Structure formats: structure tokens, C-alpha cells
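Trainee: A structural model of the following input is requested.
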Amino acid sequence: MTTANLSNLDQDKDVNSIKPPRISWGQSNRRVIVIETWVVVVVGVVPHLFSAFVAANRPDWFAISSFIVDSLYSIVRNASIIAPVLYIMWRCGETWDYFGIVKFNWKRDIPLGICTWLTGMIGIVISYELVLYWIRDSGNRLVGPKDGAEYMVLFLFAAVNGFGEELVIRGYLIPRLERIWGSALLAIAATSLLFASYHIYQGLLGALFIFVGGVIYGIVFCVTRRLWPVVIAPAIADVFPYIIPR
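Mentor: Numbers count the residues shown, from 1 in each chain. Sure, this is the predicted structure:
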């Protein structure tokens with residue numbers, strides 16, 4: 001090998017040493033996948049769980065004085081979860097469709113999302129929404145939008161909140177727990193339990209409705225392997241209590 005070739009090899013080595021190698025976590029051992037999953041739980045679930053625990057025990061700390069301030073805070077909080085989870089998905093070596101993130105098809109995803117929402121509403125979630133309706137009318141903690149600008153914020157909040165929660169719970173955790181445990185049913189049950197746990201501030205009955213809704217969303221995700229329908233469904237559920245006739 002000539003001196004020029006050795007020099008080129010040294011230069012290539014220097015360049016490669018600058019760029020960290022992309023770790024294919026999705027093809028690595030079980031331990032790494034478990035650690036990665038726990039990181040996502042800490043980033044994407046624990047903040048919601050902590051807020052729910054505080055709200056259940058000290059509701060006065062979460063008294064809403066402004067709909068738009070509360071909504072913008074929720075948007076920023078969800079964005080701070082979405083960004084690192086998407087980064088972990090990108091770094092893990094799996095394809096995007098493994099997590100259900102495929103090209104959006106409005107002819108398929110929107111009707112399927114509406115059907116998913118309606119399925120959750122029938123017999124179970126409709127009771128939960130009626131509870132929210134009466135809370136709003138009683139002047140308790142649910143403060144709604146008052147003008148066009150606040151309704152725009154409501155729709156943005158519903159979209160970001162729906163995407164953030166479903167990205168973590170259904171998009172990331174279900175495929176990972178399926179791989180760890182080898183069971184879609186266990187993955188659906190566990191993620192639905194996590195989903196319900198950070199809605200405990202709505203009471204045990206509300207958390208039960210959320211758990212059942214989570215099971216429905218999990219089944220739809222596992223059958224279709226598309227994230228968008230289960231993003232649309234909770235987004236509709238977030239908007240619904242504010243637009244039904246008073």
C-alpha cells in the first residue's frame with residue numbers, strides 16, 4: 001500500500017471519527033430495547049402521570065383561569081415530548097411504518113379515524129363525554145373557547161395532543177412491547193393501562209372509560225398498523241365537549 005493510500009485511510013478515519021455511527025437499536029439485543037422503551041416511558045408518560053396525580057390530589061393547583069393559556073401550555077408540553085420520541089424512533093433503526101407512521105391517506109385515515117372515535121363513543125366514551133358536558137355547565141374546571149381565535153387554538157391543541165399521546169402510547173410502545181413480550185394483547189393491555197393512569201384525575205370511572213377507549217384504539221392500531229386513525233379519534237374527542245349544543 002502506498003503512502004498516498006495510507007494518507008487517504010487516515011483522512012477517512014478522521015472524518016468517520018467526527019460523525020458518531022448510527023446505532024441500529026431495533027436490531028440489537030433485548031436489553032437495549034427495554035432500556036430504550038423505559039426512556040420513552042419516562043419522557044412521554046411520567047410527566048402526564050405526575051400532572052394527573054397532582055391534579056387528583058390538589059385540583060386547586062390546576063385551576064384554569066384562561067383557556068388559551070392552558071391550551072398553549074399543553075401544546076408546548078406535547079411538542080417537548082414529540083420531538084425526542086421522534087428522534088428515538090429515527091435512531092433506533094426501524095422503518096417509520098414499523099411505528100405506524102405512513103403516508104397520510106385522507107380517503108382512508110379520516111373515515112377510519114371517525115369510525116374509531118364513534119366505536120369508542122358507543123356505550124362507553126359517550127358517558128365520559130356527558131360527564132365532561134355537565135362539568136362544563138356546572139362552571140367547574142373545564143373552560144372552553146370564547147371566540148374564533150380560541151377555537152383555532154382548540155383545534156391546534158386537539159391535533160398536537162392527539163398526535164403526542166398516540167405517538168408514544170400506540171405508535172411507539174405497542175410495537176416495542178410486542179417485541180419484548182411477544183404478545184399484541186399484552187401490549188394493548190399495558191399501554192391502555194398507562195393511558196388510563198394519567199387520566200386518573202377524572203376519577204376511577206373516567207379512568208375506566210379511558211382504559212376501554214385505549215383498548216379500542218390499540219386494536220385499531222394493531223389491525224391497521226396506521227397511526228393516523230388513532231390520532232384523529234382522540235382529537236375529535238378533545239374537541240367534542242366544546243362544540244355540542246349547550
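Trainee: would you agree residue 30 is in contact with residue 182?
Mentor: No - counting by Cβ atoms under 8 Å, residue 182 is not a contact partner of residue 30; they are 10.9 Å apart. The C-beta positions use only the backbone N, C-alpha and C, and glycine is treated the same way.
Trainee: for residue 148, give me the pLDDT.
Mentor: If you check residue 148, the pLDDT there is 81.
Trainee: neighbours around it, how many?
Mentor: Residue 148: 8 surrounding residues under other Cβ atoms under 10 Å.
Trainee: tell me the spacing between it and residue 69.
Mentor: Look at residue 148 and residue 69: by Cβ to Cβ, to the nearest Å, they are 17 Å apart.
Trainee: check residue 202 too.
Mentor: Distance from residue 202 to residue 69, by Cβ to Cβ: 21 Å.
Trainee: before we move on, what about residue 108?
Mentor: Taking Cβ to Cβ, one finds residue 108 at 36 Å from residue 69.
Trainee: just to revisit the earlier point, looking at residue 202 and residue 69, which one has more neighbours?
Mentor: Taking other Cβ under 10 Å, residue 202 and residue 69 do not tie; residue 202 has more neighbours (19 against 12).
Trainee: can you pull the pLDDT of the more buried one?
Mentor: 79.
Trainee: is it true that it touches residue 210?
Mentor: Yes - between residue 202 and residue 210 there is a contact at 7.3 Å, judged by Cβ under 8 Å.
Trainee: any idea which helix is longest in the chain?
Mentor: helix 67-91 (DSSP state H).
Trainee: buried residues in that helix?
Mentor: 67-68, 70-71, 74-75, 77-78, 81-82, 85-86, 88-89 (16 or more other Cβ atoms under 10 Å).
Trainee: same check on stretch 177-190?
Mentor: Neighbour counts over stretch 177-190 (16+ other Cβ under 10 Å) mark 177-179, 184, 187-190 as buried.
Trainee: how close does residue 227 get to residue 98?
Mentor: Residue 227 sits 11 Å away from residue 98, going by Cβ to Cβ.
Trainee: same check, this time on residue 154
Mentor: Distance, residue 154 to residue 98, by Cβ to Cβ: 32 Å.
Trainee: tell me where the model's unsure across this protein.
Mentor: The chain contains residues with pLDDT under 70 at 1-28, 59-65, 123-143, 245-246.
Trainee: change it to 90
Mentor: Scanning the chain for pLDDT under 90 picks out 1-32, 47-74, 92-93, 117-151, 198-210, 212-213, 237-246.
Trainee: can you give me the strands in it?
Mentor: Remark: no strands are assigned in the chain by DSSP state E.
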